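A.B. asks: Using only what follows, build the 3D model:
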Amino acid sequence: VPGVNTPGNTDRRLSNWVSEQRNAFYGNRGTLHEHRRRKLESLGFIFEPFDKAWEDAFQKLKDYRGKHGDCLVPYEYESDSFLGSWVVRQRQLLRERKLSEDRKRRLDEIEFVWEAGPTRDEQEII
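C.D. replies: Modelled structure (predicted):
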């Protein structure tokens, strides 16, 4: 569901309702009842969209590793331009000490390269 202020959003009421459910679950109020949480989860409701986006990108990185044998995604990766910038962002988050231990551990498990030198394409030129 697009956010309330997303251009082209035609159903602001639904967007507001989704925001209210997330706020009730995560917000200071903590007012989302357990039965409602379970019901929403059974429908595939995503309480934390940023976690979902991270998980999706992590899966794409694992797929890339399976295909290429490493996690050295070029910044301007033609097949998925988002993936290259996501990889760079994970390195930045680690340097800024903003990457959770769990996410670092998971990236380490797939041999994520934290200090990337020249990309595979650049190495062929050298």
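A.B. asks: so where is the protein shaky, pLDDT-wise?
C.D. replies: Where the chain drops to pLDDT under 70, the residues are 1-9, 27-30, 117-126.
A.B. asks: Only the buried residues of stretch 54-61, if you could.
C.D. replies: By 16 or more other Cβ atoms under 10 Å, the buried positions in stretch 54-61 come out as 54, 57, 58, 60, 61. (C-beta placed from N, C-alpha, C; glycine too.)
A.B. asks: how about the third one, phi and psi?
C.D. replies: Yep, that's residue 58 we're talking about. phi -60, psi -40 (degrees, to the nearest 10).
A.B. asks: Spatially nearest residue to it (excluding sequence neighbours)?
C.D. replies: Leaving out its chain neighbours, the residue that sits closest to residue 58 by Cβ to Cβ, 6 or more residues apart in numbering is residue 106, at 6.8 Å.
A.B. asks: burial measure for residue 73, as a count.
C.D. replies: When neighbours are defined as other Cβ atoms under 10 Å, residue 73 has 24 of them.
A.B. asks: For residue 111, see how far away residue 82 is.
C.D. replies: 21 Å (Cβ to Cβ, to the nearest Å).
A.B. asks: Please identify which helix or strand holds the residue nearest the centre of the chain.
C.D. replies: The centroid of the chain falls nearest to residue 54 when counting by Cα atoms, centre = their mean (1.6 Å). Counting by DSSP states H and E, the element that carries residue 54 is helix 49-68.
A.B. asks: same deal with residue 23?
C.D. replies: helix 12-26.
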